[in-house]
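Undergrad: coordinates only, sequence not included:
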């Protein structure tokens, strides 16, 4: 792949990432109180993020039908689709840790990275801890 293609890929990544981050901010996914209220089913439950998730699922469901009709992605040699359907202890433990962290802090990876633009030190601490945790998981699993 030549440098011209690489610069187009990087530009596309910046545009797509910025659009994704803006969507997270506009929808309230970067507001930790709103996220925690969505997860508080038996307290002050705020259903609005459920509509954000439903919208994302609908768009993804439709888009995947069109995209997967192609032989390969535009900027890659092949589609990287998971083949494992196993539900094992690693999957359940990881899902539980993700859910607990999301409920306690109010961030998951995408909104946390998008929230760095606000400049809150707590967000920086979370993102550093998330990156260290990812590194440890890759190192020891």
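TA: Great, that's in hand. Just so we're clear, the structure is a prediction, and the values are computed from it rather than from any experiment.

Undergrad: Sketch out the low-pLDDT regions of the protein for me.
TA: For the chain, the stretches with pLDDT under 70 are 1-9.

Undergrad: Which helix runs longest in it?
TA: Ranked by residue count and defined by DSSP state H, the top helix of the chain is helix 3-27.

Undergrad: what angle do the helix or strand following that helix and helix 3-27 make?
TA: Downstream of helix 3-27, the first helix or strand assigned by DSSP states H and E is helix 32-39. With axes from the mean of the first three to the mean of the last three CA atoms, to 10 degrees defining the directions, helix 32-39 sits at 70 degrees from helix 3-27.

Undergrad: Need the contact partners of helix 32-39.
TA: By CB atoms under 8 Å, 6 or more residues apart in numbering, the residues outside helix 32-39 that reach it are 28-29, 43-50, 102-103, 105-107, 111. Heads up, the C-betas are built off the backbone N, CA and C, glycines and all.

Undergrad: From these, list the buried ones, please.
TA: Buried by 16 or more other CB atoms under 10 Å: 28-29, 46, 49, 102, 105-107, 111, out of those.

Undergrad: what's near enough to touch the residue minimising distance to the centre of the chain?
TA: The residue lying closest to the centre of the chain (CA atoms, centre = their mean) is residue 110, at 4.0 Å. Residues near residue 110 by CB under 8 Å, 6+ apart: 20-21, 24, 29.

Undergrad: ok, 10 Å please
TA: By CB atoms under 10 Å, 6 or more residues apart in numbering, the contact list for residue 110 reads 17, 20-21, 23-24, 29-30.

Undergrad: Having no further points to raise, I will conclude here.
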